[in-house]
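Novice: Show me how the following folds:
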Amino acid sequence: MKKAEVMFIPSPGLGHLVSTLEFAKLLINRDNRLRITVLVMKFPNTTETDIYTKSLPITDSLQLINLPECSIPPSSDLPSSITALLESQKSNVRQVVTNLTTGEQNGNLAAFVVDMFCTTMIDIAREFSVPAFVFFTSGVAFLGLTLHRHTLRERDNINSTQLQQMNELTIPTFSNSVPLKSVPSIEVLKELEWFSISFAKGLKKANGIIVNSFEELEPYAVRSFLNDIDLAAIPIYPVGPILNPDSKTKATADFDDVIKWLDAQPPSSVVFICFGSRGSFEKNQVMEIARAIENTGVRFLWSLRKPPPKGFTIAPIDYHLSDLTSILPEGFLDRTAKFGRVIGWAPQAQILANPATGGFVSHCGWNSTLESIYFGVPIAAWPLFAEQQTNAFVLVSELKIAVEIALDYRVEFNGEPNYLVMADKIERGIKRVLDKDGEERKNLKEISEKSRKTLLEDGGLPHLFRPFD
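Specialist: Residues are numbered from 1 along each chain as shown. Purely as a prediction, here's the structure:
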């Protein structure tokens, strides 16, 4: 019997690719009638996903195809780069799908599952007369914000200029009014309004939206898709949390040493400072973080990475040791050697899973958020860009499972931050997130247990085969 072929098209970038592949693995483990092909696209001259994809076992039910590299016009903003890359890859996607669905050994094309930023590929699904679902790699609350913002533009003719004059927004998926400072730049800035409209319009074209979240985490937001007249027409399937808590990254000798150090620390005593695969700071901000760490005197593990050159959309890289001494306060590494470590890229799940990790200074990317919830490590929220401000607002104000460092901080699309976060503010956040009697830690413990239970029950996958009721 021929298998049902499902085409997965993730966005370029490690964060989207990892959650997409974990979801694909869950699906084929649940139903052996499926065969999933993941079409991997990359920005020119980037390698951040290579180590991860090369370590994946390829089976009869799951295969990866690296699409040919395409040259795209240089651009200083990520939305324009993504849009150009997707348009240039359409012909390659069309050809791959044609090749995979012809011939006796190939299966019957059943569906497309496209990343939230790849909805232009829904056009190709329509050409092949199959349904197309969006895999939304963030939460239900942010999905509701995106769709509601589009409704305001189309129905009420509220443009970005008018939006910037408001202090806050009432959004169906939030129980509190959302301050404008917590609304992503793509929804607010006039120069990005084209992307905001295109993004939401693409989501509304899908046959359904698969969301990497779960009802117990966002009950108010999930219910809003049943109760709000504008959202009720859009079928959503919360299938999260999509993560692999038991994944083990091949460790280097240096990282083995870090884990040994972490193992030797008291329970819940170490603050982990990490801003994801694309998070980095210039020297003046690095200095303030270092001063805060020294002032608190707490045990720490700091993933510190070098920003890419201005105008480039590539990911940060690790510092050489000689570079570290020039970007940190003089003598910092020597003074903190007994109670902390400064490292480069970090296998985040392994660190959050360690009993010594008691707090997480984070950019609030959604994958990081789900991991911290699963492992029960409270977050000190310091969002940088994309939808991270909204995620931080959800964690701090809606769910009350995180503390605030700087909810109004953002790195604009030109790469410049809106202000410098001073050491005393960072210090307060670190102390609060490590408070063992804090309200946020108690609230998180309850949601963490629900997260673990949901994951044991195959996540929200049953909802993918029948709409929740």
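Novice: Helix or strand next in line after the longest helix along the chain, which one?
Specialist: Ranked by residue count, the top helix of the chain under DSSP state H comes out as helix 78-100. The helix or strand immediately downstream of helix 78-100 is strand 108-115, counting by DSSP states H and E.
Novice: Tell me which strands that next one pairs with, and in which orientation.
Specialist: Using DSSP bridges, the strands paired with strand 108-115 are strand 4-9 (parallel), strand 132-136 (parallel).
Novice: quick check: angle from that strand to helix 78-100?
Specialist: Here strand 108-115 runs at an angle of 170 degrees relative to helix 78-100 (axes from the mean of the first three to the mean of the last three CA atoms, to 10 degrees).
Novice: if we can go back for a sec, who wins for proximity to Pro329 among the strands paired with strand 108-115?
Specialist: The closest of the strands paired with strand 108-115 to Pro329 is strand 132-136. By CB to CB, the value is 41.4 Å. C-beta coordinates here come from the backbone N, C-alpha and C atoms, glycine included.
Novice: Now the longest helix of the chain: buried residues?
Specialist: For helix 78-100, the neighbour count (16 or more other CB atoms under 10 Å) marks 78-86, 88-89, 92-93, 96-97, 100 as buried.
Novice: Let me see the mean pLDDT of that helix.
Specialist: Over the span of helix 78-100, the pLDDT mean works out to 91.
Novice: how distant is that helix from the center of its chain?
Specialist: 22 Å (CA atoms, centre = their mean, to the nearest Å).
Novice: same thing with stretch 166-185?
Specialist: With CA atoms, centre = their mean as the basis, the mean position of stretch 166-185 lies at 20 Å from the chain mean.
Novice: Just the CA atoms of that stretch, as CSV, please.
Specialist: C-alpha atoms of stretch 166-185 as CSV (Å, rounded to 0.1, in the frame of the first residue of the first chain):
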residue,chain,number,x,y,z
MET,A,166,-2.5,54.0,20.7
ASN,A,167,-1.1,53.1,24.1
GLU,A,168,-2.5,49.6,24.1
LEU,A,169,-4.7,47.2,22.1
THR,A,170,-7.6,45.0,23.1
ILE,A,171,-7.0,41.6,21.5
PRO,A,172,-9.3,38.6,21.7
THR,A,173,-6.6,36.1,22.7
PHE,A,174,-5.3,38.2,25.7
SER,A,175,-7.2,38.6,29.0
ASN,A,176,-5.3,41.9,29.5
SER,A,177,-4.9,44.9,27.2
VAL,A,178,-1.6,44.6,25.4
PRO,A,179,0.7,47.7,25.6
LEU,A,180,2.0,48.8,22.2
LYS,A,181,5.5,48.2,23.4
SER,A,182,4.7,44.5,23.5
VAL,A,183,3.4,44.4,19.9
PRO,A,184,6.0,43.1,17.4
SER,A,185,7.6,45.7,15.1
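Novice: Find me the pLDDT at Val342, would you?
Specialist: 95.
Novice: ditto for Thr46
Specialist: 68.
Novice: still on that earlier bit, does anything pack onto the longest helix of the chain? Which helices or strands?
Specialist: Judged by 3 or more CB pairs under 8 Å, 6 or more residues apart in numbering; DSSP states H and E, helix 78-100 is in contact with strand 4-9, strand 34-40, helix 122-127, helix 193-205.
Novice: circling back: using TSV, please lay out the strands paired with strand 108-115 together with distance to Pro267, mean neighbour count and mean pLDDT.
Specialist: Shown next, in TSV, are these (distance: least, CB to CB, whole Å; neighbours: other CB atoms under 10 Å; pLDDT from 0 to 100):
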stretch	distance to Pro267	mean neighbour count	mean pLDDT
strand 4-9	39	22	94
strand 132-136	35	24	97
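Novice: so which of the helices and strands packed on helix 78-100 gets nearest Tyr419?
Specialist: helix 193-205 (23.9 Å).
Novice: tell me the angle of that closest one relative to helix 78-100?
Specialist: Using the same axes, to 10 degrees: helix 193-205 against helix 78-100 is 40 degrees.
Novice: Please list the residues outside the helix or strand following helix 193-205 that contact it.
Specialist: Using DSSP H and E, the helix or strand that follows helix 193-205 towards the C-terminus is strand 208-211. Under the contact criterion CB atoms under 8 Å, 6 or more residues apart in numbering, strand 208-211 has outside partners 23, 113, 131, 133-136, 138-140, 143, 203, 234-240, 464.
Novice: Restricted to buried residues, select the residues you listed in ChimeraX.
Specialist: Buried residues among the contacts of strand 208-211 (16+ other CB under 10 Å), as a ChimeraX selection:
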select :23,113,133,134,135,136,138,139,140,143,203,234,236,237,238,239,240,464
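Novice: thinking again about what came up before, which of the helices and strands packed on helix 78-100 sits most buried?
Specialist: Highest mean neighbour count among the helices and strands packed on helix 78-100 (mean count of other CB atoms under 10 Å): strand 4-9, with a mean of 22.
Novice: and after that one, which helix or strand comes next?
Specialist: helix 14-30.
Novice: how far does stretch 135-145 stretch from start to finish?
Specialist: Stretch 135-145 stretches 16 Å from its first residue to its last (CA to CA, to the nearest Å).
Novice: What count of nearby residues applies to Pro68?
Specialist: Pro68 has 11 neighbours, counted by other CB atoms under 10 Å.
Novice: so who does it touch?
Specialist: Contacts of Pro68 by CB under 8 Å, 6+ apart are Asn92.
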